[in-house]
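In: Generate coordinates for the sequence data below:
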Amino acid sequence: MGEILKAFFVPHPPLIIPDIGNGEESRISSTIEAYHEVGRQVRDLSPDVIILTTPHGPAYSDYIHISPGSRLSGSFKNFGAPRVKFEFNSETGLIDKIVEIARSYGIEAGGEGSSREGLDHGALVPLYFVSQYYTDFTLIRISIAGLSLEQLYIFGYCIQKAVLAYDKKVILIGSGDLSHRLTSDGPYGFAPEGPVFDKYLVETVKEADFKKLIGIDNELCYKAGECGLRSFAIIAGALNGLCVKSNVLSYEGPFGVGYMVAELTPGSRDLSRDLYSFMENKHKTEIEVIRKAEDPYVALARQSLEYYVKKGKILEVPDYLPAEMINQKKGVFVSIKKYGQLRGCIGTISPVTNSIAEEIIQNAVSAGTRDPRFNPVKEFELKDLVYSVDVLEEPEPINSIDELDVKRYGVIVTSGYKRGLLLPDLESIETPAQQVEIALSKAGISKGEKYSLERFEVVRHR
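Out: Next comes the predicted model:
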């Protein structure tokens, strides 16, 4: 049986490497000393495999990339130090096991999709220090994805299960900086949320409170300009259900970026720390409540996609629907979410079929299988999907954004053949200016182009 020996959270500033920092690395001496301590601990533990998560590898919205191939290599040539380079054997058997288990939990992962070569600096910086003390290991590099923190945590739990089934000793390294907005002279300036985020995360790691870690406010994360949270969430998930002793070895932020080095030592099983089971039970209960509350519009959207994914055919319009769904023709948007994250959204401004029902059927299938931002929905995901249906009222032209209300009206922008739409009452859209800016971007209309505005109301079913 395999074993997770230890986990580390580490930062990845390239200037910490002497060939790059040229003396500037002396300003983060606490981080350097903590990194050497990590290296010494890795040497003493002598793992067979190091699994490293990084926010700077190939990243996708709904697919976790694991570097393929039998050899992984990279250098700091992009930072002016091409002679500082590394090469490691990969642990392909364990990768296959992780991918297999993740799929059984409804998460897609693997080595498809990117031709990008070489280890990124998020991986190379920690490997630089580890390799000074120990090199007799194989490497697995895992990139983050745009999935929710809950799903990334569940993926980490899949890593734990794969390791236990693989019969190798493993160390986990979560690479990631904290806020990039700690000081006005930092790379992204100052935001008051920056220090708040860093204090929150450091205290959370000290307490090994993973529920608090993945429950952090999204708006705080965004405004703080954080880097490593998704990477850390995966590692936390790999320690699910275990007693964890945590120690923050260092924290500093002299360049306006937060750097934390922490060690997490797993112990015996602790049912009170089985966050996966808690989340899964909560999720199933929420889905059951949502399914029972579906009106005919939402139920039809769900049934349409489920039928298409399972049978490969378009659902015929059922004969038990309300009369207005059969007799009226309107534009319809179908939105799909998974664990609170958008999974697909496709719609029609004006009707292109003979009824609202047909419009829902066609657009539900398109939202699940043809939204270019996402991979097509797979059958194993269907149980986790939540649907909403917006039926559009007739658009009306307006003269300025002053006539918009983001809660009440959606907006349509048009310039020649280019047209973009944004629905009303969307998360994080607070002003008409934001609403119009996003609609223009979706339409491919530049700020200098002339465009016309229309507004519309919707009847939202969810």
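In: Quick check: Met1 vs Tyr105, distance?
Out: According to CB to CB, to the nearest Å, Met1 stands 20 Å off from Tyr105. From N, CA and C alone the C-beta is placed, and that goes for glycine too.
In: More neighbours: which of these two?
Out: Between Met1 and Tyr105, Tyr105 has the larger neighbour count (other CB atoms under 10 Å), namely 15 against 8.
In: quick check: domain ranges of this protein?
Out: With domains defined by automatic domain parsing, the chain comprises 3-277, 294-391, 393-462.
In: Including distance to Glu286 and mean pLDDT, could those go into JSON lines?
Out: As requested, the domains of the chain are exported to JSON lines (distance: least, CB to CB, whole Å; pLDDT from 0 to 100):
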{"stretch": "domain 3-277", "distance to Glu286": "12", "mean pLDDT": "95"}
{"stretch": "domain 294-391", "distance to Glu286": "8", "mean pLDDT": "95"}
{"stretch": "domain 393-462", "distance to Glu286": "13", "mean pLDDT": "91"}
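In: Now render the ones you listed as TSV, adding distance to Glu288.
Out: Formatted as TSV, the entries for those read as follows, by distance: least, CB to CB, whole Å:
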stretch	distance to Glu288
domain 3-277	17
domain 294-391	11
domain 393-462	16
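In: what packs against the longest helix seen in the chain?
Out: Ranked by residue count and defined by DSSP state H, the top helix of the chain is helix 275-293. Applying 3 or more CB pairs under 8 Å, 6 or more residues apart in numbering; DSSP states H and E, one finds that helix 275-293 contacts helix 149-164, helix 210-214.
In: where does Val170 land in three-state SS?
Out: strand (DSSP: H, G, I helix; E, B strand; the rest coil).
In: before we move on, what about Arg83?
Out: Counting by three-state DSSP, the backbone at Arg83 sits in strand.
In: if I pick it, what's in contact with it?
Out: In this structure, Arg83 makes contact with Asp19, Ser75, judged by CB atoms under 8 Å, 6 or more residues apart in numbering.
In: Can you tell me, leaving aside adjacent residues, what's nearest to Ile107?
Out: Distances taken as CB to CB, 6 or more residues apart in numbering put Phe155 closest to Ile107, at 5.1 Å, once the chain neighbours are dropped.
In: Please report how far that neighbour lies from Tyr409.
Out: The spacing between Phe155 and Tyr409, counted by CB to CB, is 39 Å.
In: out of the two, which sits in the more crowded spot?
Out: Neighbours of Phe155 and Tyr409, each counted by other CB under 10 Å, are more numerous for Phe155; the result is 27 against 24.
In: So the more buried one is in contact with Gly237, correct?
Out: Yes. Using CB atoms under 8 Å, Phe155 is in contact with Gly237, at 6.3 Å.
In: Apart from its neighbours in sequence, what residue is nearest Ser30?
Out: Using CB to CB, 6+ apart and skipping the chain neighbours, the partner closest in space to Ser30 is Ser250 (4.2 Å).
In: Now that neighbour, what are its backbone angles?
Out: Ser250 adopts backbone torsions of phi -160, psi 150, taken as degrees, to the nearest 10.
In: Render the CA-only coordinates of the longest helix of the chain in CSV, please.
Out: C-alpha atoms of helix 275-293 as CSV (Å, rounded to 0.1, in the frame of the first residue of the first chain):
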residue,chain,number,x,y,z
LEU,A,275,-14.5,17.0,4.3
TYR,A,276,-15.2,15.0,1.1
SER,A,277,-18.1,13.0,2.7
PHE,A,278,-19.5,16.2,4.1
MET,A,279,-19.4,18.0,0.8
GLU,A,280,-20.7,15.0,-1.1
ASN,A,281,-23.7,14.5,1.2
LYS,A,282,-24.5,18.3,1.1
HIS,A,283,-24.2,18.3,-2.7
LYS,A,284,-26.5,15.3,-3.1
THR,A,285,-29.1,16.9,-0.8
GLU,A,286,-29.0,20.2,-2.7
ILE,A,287,-29.4,18.4,-6.1
GLU,A,288,-32.4,16.4,-4.8
VAL,A,289,-34.0,19.6,-3.6
ILE,A,290,-33.4,21.3,-6.9
ARG,A,291,-34.7,18.4,-9.0
LYS,A,292,-37.9,18.3,-6.9
ALA,A,293,-38.5,22.0,-7.5
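In: From the contact counts, what lies against the next helix or strand after it?
Out: On the C-terminal side of helix 275-293, the closest following helix or strand by DSSP states H and E is helix 296-311. In this structure, helix 296-311 packs against helix 323-327, helix 356-369, strand 385-392, with contacts taken as 3+ CB pairs under 8 Å, 6+ apart.
In: Quick check: Leu124 vs Gly74, distance?
Out: To Gly74, Leu124 is 5 Å away according to CB to CB.
In: Check Tyr276 too.
Out: Between Tyr276 and Gly74 the distance, using CB to CB, works out to 32 Å.
In: do the same with Val298
Out: According to CB to CB, Val298 and Gly74 sit 47 Å apart.
In: Over to Glu324?
Out: 59 Å.
In: So between those two, which is more surrounded?
Out: Under the neighbour definition other CB under 10 Å, Glu324 and Gly74 were set side by side, and Gly74 has more, 21 against 14.
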